[in-house]
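Q: here you go, sequence then predicted model.
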Amino acid sequence: MSDEGSKLTVPVLLGWNLSHLRSVAKILETIGGEIETEMDSAANEIARSDEYFIGEGGTKAREQGDADKKDGHKTADLYKKLADKISPVVETFEIEIAKLKVAVVATEKSKWDLFYTDQGEVKSRKSNWETAKSHWWDPISAVAAKELEILAIGTKFREALAAIRVADASTNEVAGVLEDLSDTVKLAMANIPTDQTLADILLNNQVDDQEMVVWPSGTVLEAILIFDPSFKATPMTKTEAATLATLFAKEGYGGLKDFYNIKNQAADTAVELFPDSVNDGQGDAFRHTYWNALMSQRFGEDFAKTYATAHEGAPGQPSHREAMDLFNNNLGRQIADQNQGASTDELKDKVKDAINQGRAIVIGGAKGADPQIGWSGGPNGIPEQDTGLLPGTYVPLPGH
């Protein structure tokens, strides 16, 4: 049902070059010190202006200089925190990738003709019957030895992949360090729309970061694997995990299956209707709106709001994308509330109409301009071909 963890495959991980991340951590430490020096120098110059810059204007300038110095020091501390976050994650990656390499060698050298899949499953090219037949003098011991080796090597793969996925989930905390910027700095760098309505949407549709966990685990994961052996535990916010745990406790695997089916249905329909704008455009807006409409219909508005809002609490979420998603999530719940008893196809048409009428939010803009939130259609809407958020890390806005 969920395939997020499957992206970190054995071939992908073995191909990683982590030396660049090591360099980034060192550069961040250096920049932090340089910022502190520059801000102290500028603040000292302004502080000495009382000899020639007198009156209310001079006083306010010196107060602003002192405030800028504090913001500068906070920003410098942030660079150091980023370095402190990156280094242990890189170390974990290096250790666990080394373990993967050991498991790969053990697989390739095994006398039982073993191989491993991209997901780290260890298998034999020969059936147990073939193994028993080729070891006719002691077939039972041979099959047992082969199965034990498959189990042992498979465990090495699983443990290393699980540790890497947990560490990968913690990389959200790296971007989340930007939350420590002062609100003044955040607002100054946020690219706020000049249109007051859109500015209010951007500023008011923000949530605070949440702690990340990997769900499910333990007995819950074991119970789910009975029904779906391919199910993967995935990183999510603590509230997302608690919401799904409650759903599983209440409705069992059936409820969880419906949840993921709804998520996949919304994604598939978005690609079908708006294939050229699934990233921060009309397709993305449709996916979030339809997803929340379907969740509200199946699980109730409170469940849909709790889960979808918590989903945006992952650290490092760009503020414009966060505003877009929260606004469209709410639009979907409104459509479900206004069309109770509607079929899934009827809800789909209602959501599609909302997108085309410009009632949803997308991100984009003219080429060369910084992407901005805007309407999904209508005379003032952003055309599909102009939608999308440039790659990179964006400064978050204060949560509400």
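A: Everything's here; your move. From a predicted model like this one, the values you see are computed outputs, not experimental measurements.

Q: name the element the closest residue to residue 294 other than its chain neighbours belongs to?
A: Nearest residue to residue 294, sequence neighbours excluded (CB to CB, 6 or more residues apart in numbering): residue 262, at 4.6 Å. In this view, the C-beta of every residue, glycine as well, is placed from N, C-alpha and C. For residue 262, the host element (DSSP states H and E) is helix 238-273.

Q: got the angle between the next helix or strand after that helix and helix 238-273?
A: Counting by DSSP H and E, the element after helix 238-273 in chain order, helix or strand, is helix 282-299. Orientation of helix 282-299 against helix 238-273 (axes from the mean of the first three to the mean of the last three CA atoms, to 10 degrees) gives an angle of 120 degrees.

Q: which parts of the following helix or strand past helix 282-299 are buried?
A: Next in sequence after helix 282-299, counting helices and strands by DSSP H and E, comes helix 301-311. Buried residues in helix 301-311, counted by 16 or more other CB atoms under 10 Å: 303, 304, 305, 306, 307, 308, 309, 310, 311.

Q: nearest to residue 21 among the residues you listed?
A: Proximity of those to residue 21 (CB to CB) peaks at residue 311, which lies at 26.8 Å.

Q: buried set for stretch 100-117?
A: Residues 100, 103, 104, 106, 107, 110, 112, 114, 116 are the ones in stretch 100-117 that count as buried (16+ other CB under 10 Å).

Q: same question, stretch 348-368
A: For stretch 348-368, burial by neighbour count (16+ other CB under 10 Å) applies to 348, 350-352, 354-356, 358-365.

Q: how about stretch 199-215?
A: Quick answer for stretch 199-215 (16+ other CB under 10 Å): 201, 202, 203, 205, 206, 207, 209, 210, 212, 213, 214, 215.

Q: I'd like the residues you listed as TSV, with secondary structure, pLDDT and distance to residue 335 appended.
A: Shown next, in TSV, are the buried residues of stretch 199-215 (DSSP: H, G, I helix; E, B strand; the rest coil; pLDDT from 0 to 100; distance: CB to CB, whole Å):
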residue	secondary structure	pLDDT	distance to residue 335
201	helix	97	18
202	helix	95	22
203	helix	93	24
205	coil	96	17
206	coil	94	23
207	coil	93	21
209	coil	85	28
210	coil	88	27
212	strand	88	30
213	strand	92	31
214	strand	91	33
215	strand	95	29
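
Q: want to try CSV for those, with distance to residue 141 as columns?
A: Converted to CSV, the buried residues of stretch 199-215 look like this (distance: CB to CB, whole Å):
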residue, distance to residue 141
201, 69
202, 68
203, 70
205, 64
206, 63
207, 59
209, 55
210, 52
212, 46
213, 43
214, 38
215, 41
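
Q: what sits up against stretch 43-54?
A: For stretch 43-54, the external contacting residues (CB atoms under 8 Å, 6 or more residues apart in numbering) are 58, 61, 62, 65, 66, 68, 69, 72.

Q: 6 Å instead, please
A: Contacts to stretch 43-54, defined as CB atoms under 6 Å, 6 or more residues apart in numbering, come from residues 62, 65, 69.

Q: which of those residues sits closest to residue 317?
A: residue 69 (29.5 Å).

Q: just checking, the closest one touches residue 41?
A: No - with contacts counted by CB atoms under 6 Å, residue 69 stays clear of residue 41, the gap being 9.9 Å.

Q: neighbour count for those two, which is higher?
A: Set side by side, residue 69 and residue 41 show more neighbours around residue 69, with 19 against 10, by other CB atoms under 10 Å.
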